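[1] Following is a predicted model, sequence given first.
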Amino acid sequence: MPTLRFRFTRSAPRRLEYSRAGYLLEIVRRRHETIPVEEWSLQARKVGVGTVCVIASALAFRSRLQDALDRGFEVEADTPAARIMRRLVRDGIAVEQRNGRR
């Protein structure tokens, strides 16, 4: 599946409001599903429903996730994560980078 590359230029808002739904953007820490290490994730939680969309993640340290958010990370195209990131680009909070550019 094709991917898109984004990076944050400003701090992400805590909440996004769409005409039909609201999302809470949050950084969470949890145990990785298959290996015994912590995983940090930036996720969007749909208000009222509780469904979660993981936008970016990194193993072991929160600083690794922050580096990825600042330098760039990939998101699969045509996913909820890609739609949220494109919204943040329109709002001037993130930029879309060309694929392959690090």
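    Okay, I see it. Computed from a predicted structure; not experimentally measured. Residues are numbered from 1 along each chain as shown.
[2] Look up how far R30 lies from K46.
    Distance of K46 to R30, computed by Cβ to Cβ, to the nearest Å: 18 Å. For every residue, glycine as well, the C-beta is placed using N, CA and C.
[3] So for the two, which residue has more residues nearby?
    Between K46 and R30, K46 has the larger neighbour count (other Cβ atoms under 10 Å), namely 15 against 10.
[4] Three-state assignment for V95, please.
    Under DSSP: H, G, I helix; E, B strand; the rest coil, V95 falls in the strand class.
[5] Surely it touches R10?
    No - the pair V95 / R10 is not scored as a contact, 10.2 Å apart, by Cβ atoms under 8 Å.
[6] The two: who's more crowded?
    More neighbours surround V95 than the other of V95 and R10, with 14 against 10 (other Cβ under 10 Å).
[7] Give me the distance between the more buried one and T34.
    Relative to T34, V95 is positioned 32 Å away (Cβ to Cβ).
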